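In: Sequence plus the predicted model coming up.
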Amino acid sequence: MQLTMAPSDKDSKTVSFGSARPTTEIASASPAAQNLVGLLTHEDLDRAKDRWRVTRARWKGQGAQRFRGLRVLWLLVGPGVLVFLGENDAPSMLSYSATGARFGIGFFIPFVILTFLIGFIVQEMTVRLGAVSHRGHAELIFDRFGKFWGFFSLGDLVLGNFLTLITEFIGIRAGLGFFGVRPVAAVGLGLIVVIAAITTGRYWTWERITMGLAIFNGLFIPAAILAHPDWAAVGHTLLTWTPLPHGNHAEILLLILAVIGATVTPWMIFFQQSAVVDKGMQPRDIRAGRFDTLLGALLAAVFAIAAILATVPLFHHGIDATQFQGAQFAEALAPWIGHTGAALFALGIFEAGIVAAIAISTSSAYAFGEVLGTGHSLNRPLLDAWPFYSTLLGSACAAAALVLIPGAPLEFVVLTVNVIAVLAMPPALAFLILLVNDRDVMGEHVNGFWENAAGIAVTALLVGVGIAFGVTTVFPVLLSG
Amino acid sequence: MLSLLETDQVVAAKQRTRFGRRKLSLGVRILLWGLRVYVVVMLVLVAVSVVRAVHPGR
């Protein structure tokens, strides 16, 4: 395929750097290689360093061959793990906790696994799209579908991200509130961590720092162990999906939506694709990218199930947790799982908020940078890409400030953020599926039949669940009881 | 350095290229508009749901 030269599409000239296929041509082999040498930026050099490490790890005979594959995987793991552990954010972990407290061990445990399978189906497409096109999701939508649809997509992302960021700082405040930390200090600490993560000016360093924080999502595992769950019941429910939840059907439907929204959201599509691009992944890395995404989904599913199990004692003791916010779960659990278990739970909520705040504000910054055509890479120094970093920090600071306003109606946001995420997914999925089937963009890496079938099935499921929510909102008597 | 990156990964090359607008078929445009209307309607219903949750007497 040939690329048209920007900014003027009217001329439709072929690229001055030659008519290369973007999927595989190495820059040094391009007819424009001579020109490119003089135009290399700091971002290019950093990305090339990351690629050098991957290339060296792939060379035969370099180091211990036995671990060569593992080293390559280690180098390429990142966007997938971050997107899924970032999506195990404060409202998501609280949604999982609410199902455990409300229904105990049952349907929602295998259902969570299903939602992560859905998440994997979606996110795998973003890996291919980013690795092949070398462009972020927002940029591709604007390029292929035009500004009208581009701004609609961006609007969905900005709205969803800002609401979600607010809930992350609510989680940060609640998590540290368990330890008596005042809201201003808790929120301030959260902002400091976000700022610290981006000051490195290197995507690789930012990624490893954030992954290091994200792994603490696993704090829900010891909390779950301290809850002494009935493992036989867990095994039974994994096989049979029973007992089914019973009670108020409208509440159950809302929880189902919240759990789905805890796993698949528009920001994940934008974030992972941009991170894959920023990491410098290429088509040859797609298999590793799939592994990375699968690993992220598996880890997040395990941690999510742990959050459900950690709050099962509340179900067994008849504690009504329907109005609980973050710290209240931890406080209510203390008599049953001990102060240590409750502290681990609270720390897990804090971690969930921090990592998500970093990932979500970064996804907003990537999208704005791609649309505005400004530098948008974590490989750029702060001053070099100040619009990118300003968007990142600005969105985080605005959300943090809102959380500190006395009397702010934050309960609206907490109630709806995951539901809004599910409802906003179908259009995002439509663009994603259209792009991965676009042969001009994807070349030989377009979706196959089964990938399309899975993607369309996921979209149909989300539309169906959304319509069910809509019908029951308009006709609440349908689900009363 | 250039042998480690694909052409389209170099910032200068990427800035000078675009994939260009694709022609949207009637079916695709109907799909995109339909999903857009779906989201707007759903957001209204979410607002209704929130108001009912916060003011259950209404």
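Out: Received the coordinates, thanks. Numbers count the residues shown, from 1 in each chain, chains lettered A, B, ... in the order given.
In: In the sheet, which strands lie alongside the lowest-mean-pLDDT helix or strand in chain B, parallel or antiparallel?
Out: Taking mean pLDDT, DSSP states H and E as the measure, chain B has strand B:17-18 as its least confident helix or strand, at a mean of 78. Sheet pairing for strand B:17-18, assigned by DSSP bridges, gives strand A:4-5 (antiparallel).
In: pLDDT averaged over the strand it pairs with - what is it?
Out: Mean per-residue pLDDT for strand A:4-5: 38.
In: returning to what we had before: and the next helix or strand past the least confident helix or strand of chain B?
Out: Per DSSP states H and E, the first helix or strand lying C-terminal to strand B:17-18 is helix B:26-54.
In: Averaged pLDDT, that next one. What do you get?
Out: Helix B:26-54 carries an average pLDDT of 87.
In: does chain A sit close to it?
Out: Yes. Helix B:26-54 is in contact with chain A by CB under 8 Å from any CB of the partner chain, via B:28, B:31-32, B:35-36, B:38-39, B:41-43, B:45-46, B:48-50, B:52-54. Where C-beta positions appear, they are placed from N, C-alpha and C, glycine not excepted.
In: Can you give the distance of stretch A:222-237 from its chain's centre?
Out: 27 Å (CA atoms, centre = their mean, to the nearest Å).
In: pull the CA atoms of that stretch into CSV?
Out: Taking Å, rounded to 0.1, in the frame of the first residue of the first chain, the C-alpha atoms of stretch A:222-237 are listed here in CSV:
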residue,chain,number,x,y,z
PRO,A,222,-3.7,-12.9,51.2
ALA,A,223,-6.8,-11.0,52.2
ALA,A,224,-8.8,-13.8,50.5
ILE,A,225,-6.8,-16.5,52.2
LEU,A,226,-7.4,-14.9,55.6
ALA,A,227,-11.1,-15.0,54.9
HIS,A,228,-10.8,-18.8,54.9
PRO,A,229,-13.1,-19.4,51.9
ASP,A,230,-14.7,-22.8,51.3
TRP,A,231,-12.4,-24.0,48.5
ALA,A,232,-14.8,-26.9,47.7
ALA,A,233,-17.5,-24.4,47.1
VAL,A,234,-15.2,-22.4,44.9
GLY,A,235,-14.4,-25.5,42.8
HIS,A,236,-18.1,-26.3,42.6
THR,A,237,-19.1,-22.9,41.4
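In: hmm, back to that, report the buried members of the residues of helix B:26-54 next to chain A.
Out: For the residues of helix B:26-54 next to chain A, a burial check counting by 16 or more other CB atoms under 10 Å in any protein chain shown picks out B:31-32, B:35-36, B:38-39, B:42-43, B:45-46, B:49-50.
In: what's the offset of the least confident helix or strand of chain B from the middle of its chain?
Out: Here strand B:17-18 is found 20 Å from its chain centre; the criterion is CA atoms, centre = their mean.
In: List just the nearest of the buried ones among the residues of helix B:26-54 next to chain A to residue B:15.
Out: Using CB to CB, residue B:32 is the member of these that lies nearest residue B:15, at 27.8 Å.
In: do you know how far that closest one is from residue A:396?
Out: Separation of residue B:32 from residue A:396 (CB to CB, to the nearest Å) stands at 31 Å.
In: Report the separation between residue A:291 and chain B.
Out: Between residue A:291 and chain B the computed distance is 21 Å (CB to the nearest CB, to the nearest Å).
In: Kindly give the local confidence score, pLDDT, for that residue.
Out: 95.
In: Remind me which helix or strand it belongs to.
Out: Going by DSSP H and E, residue A:291 is part of helix A:286-310.
In: how about that helix: buried residues?
Out: Of the residues in helix A:286-310, A:286, A:288-290, A:292-294, A:296-297, A:299-310 count as buried by neighbour count, 16+ other CB under 10 Å.
In: repeat for stretch A:85-92
Out: For stretch A:85-92, by 16+ other CB under 10 Å, it's A:85-92.
In: what does that stretch contact?
Out: With CB atoms under 8 Å, 6 or more residues apart in numbering or on different chains as the test, stretch A:85-92 has contacts from A:119, A:164, A:167-168, A:170-172, A:174-175, A:211, A:214-215, A:217, A:258, A:261-263, A:265, A:268, A:271, A:296, A:299-300, A:303-304, A:326, A:349, A:352-353, A:355-356, A:358-360, A:414, A:417-418.
In: next one: stretch A:347-355
Out: Looking at what lies outside stretch A:347-355 - CB under 8 Å, 6+ apart - the contacts are A:82, A:85-86, A:88-90, A:92-94, A:167-172, A:174-176, A:186, A:190, A:193-194, A:210, A:213-214, A:216-217, A:219-220, A:223, A:307, A:326-327, A:329-330.
In: among the contacts of stretch A:85-92, which ones are buried?
Out: A:119, A:164, A:167-168, A:170-172, A:174-175, A:211, A:214, A:217, A:258, A:261-263, A:265, A:268, A:271, A:296, A:299-300, A:303-304, A:326, A:349, A:352-353, A:355-356, A:358-360, A:414, A:417-418.
In: Run the chain-centre distance for whichever helix in chain A runs longest.
Out: For chain A, the longest helix by residue count, based on DSSP state H, is helix A:326-372. From the chain centre to the centre of helix A:326-372 is a distance of 13 Å (CA atoms, centre = their mean).
In: returning to what we had before: the inter-axis angle of the helix holding residue A:291 versus helix A:326-372?
Out: Between helix A:286-310 and helix A:326-372, the angle comes out at 160 degrees (axes from the mean of the first three to the mean of the last three CA atoms, to 10 degrees).
In: and helix A:286-310, what other elements does it pack with?
Out: With contacts defined as 3 or more CB pairs under 8 Å, 6 or more residues apart in numbering or on different chains; DSSP states H and E, the packing partners of helix A:286-310 are helix A:68-76, helix A:79-87, helix A:90-103, helix A:108-133, helix A:220-226, helix A:326-372.
In: for it, the distance to its chain's centre please.
Out: Distance, centroid of helix A:286-310 to centroid of chain: 11 Å (CA atoms, centre = their mean).
In: Residues contacting the helix or strand that it is followed by, please?
Out: The element immediately downstream of helix A:286-310 (helix or strand, assigned by DSSP H and E) is helix A:312-316. With contacts defined as CB under 8 Å, 6+ apart, helix A:312-316 is touched by A:100-105, A:227, A:229, A:321, A:329, A:332-333, A:336-337.
In: Make JSON lines out of the residues you listed and add pLDDT, neighbour count and distance to residue A:72.
Out: What follows is the contacts of helix A:312-316, written out as JSON lines (pLDDT from 0 to 100; neighbours: other CB atoms under 10 Å in any protein chain shown; distance: CB to CB, whole Å):
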{"residue": "A:100", "pLDDT": "93", "neighbour count": "28", "distance to residue A:72": "38"}
{"residue": "A:101", "pLDDT": "92", "neighbour count": "26", "distance to residue A:72": "42"}
{"residue": "A:102", "pLDDT": "90", "neighbour count": "22", "distance to residue A:72": "44"}
{"residue": "A:103", "pLDDT": "93", "neighbour count": "21", "distance to residue A:72": "42"}
{"residue": "A:104", "pLDDT": "93", "neighbour count": "23", "distance to residue A:72": "43"}
{"residue": "A:105", "pLDDT": "95", "neighbour count": "24", "distance to residue A:72": "39"}
{"residue": "A:227", "pLDDT": "95", "neighbour count": "23", "distance to residue A:72": "39"}
{"residue": "A:229", "pLDDT": "95", "neighbour count": "20", "distance to residue A:72": "37"}
{"residue": "A:321", "pLDDT": "78", "neighbour count": "18", "distance to residue A:72": "45"}
{"residue": "A:329", "pLDDT": "88", "neighbour count": "27", "distance to residue A:72": "40"}
{"residue": "A:332", "pLDDT": "92", "neighbour count": "20", "distance to residue A:72": "46"}
{"residue": "A:333", "pLDDT": "92", "neighbour count": "29", "distance to residue A:72": "42"}
{"residue": "A:336", "pLDDT": "91", "neighbour count": "19", "distance to residue A:72": "45"}
{"residue": "A:337", "pLDDT": "92", "neighbour count": "25", "distance to residue A:72": "40"}
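In: Can you lay out those residues as JSON lines showing distance to chain B?
Out: Output for the contacts of helix A:312-316, formatted as JSON lines (distance: CB to the nearest CB, whole Å):
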{"residue": "A:100", "distance to chain B": "21"}
{"residue": "A:101", "distance to chain B": "18"}
{"residue": "A:102", "distance to chain B": "16"}
{"residue": "A:103", "distance to chain B": "19"}
{"residue": "A:104", "distance to chain B": "24"}
{"residue": "A:105", "distance to chain B": "27"}
{"residue": "A:227", "distance to chain B": "29"}
{"residue": "A:229", "distance to chain B": "30"}
{"residue": "A:321", "distance to chain B": "16"}
{"residue": "A:329", "distance to chain B": "19"}
{"residue": "A:332", "distance to chain B": "21"}
{"residue": "A:333", "distance to chain B": "25"}
{"residue": "A:336", "distance to chain B": "28"}
{"residue": "A:337", "distance to chain B": "29"}
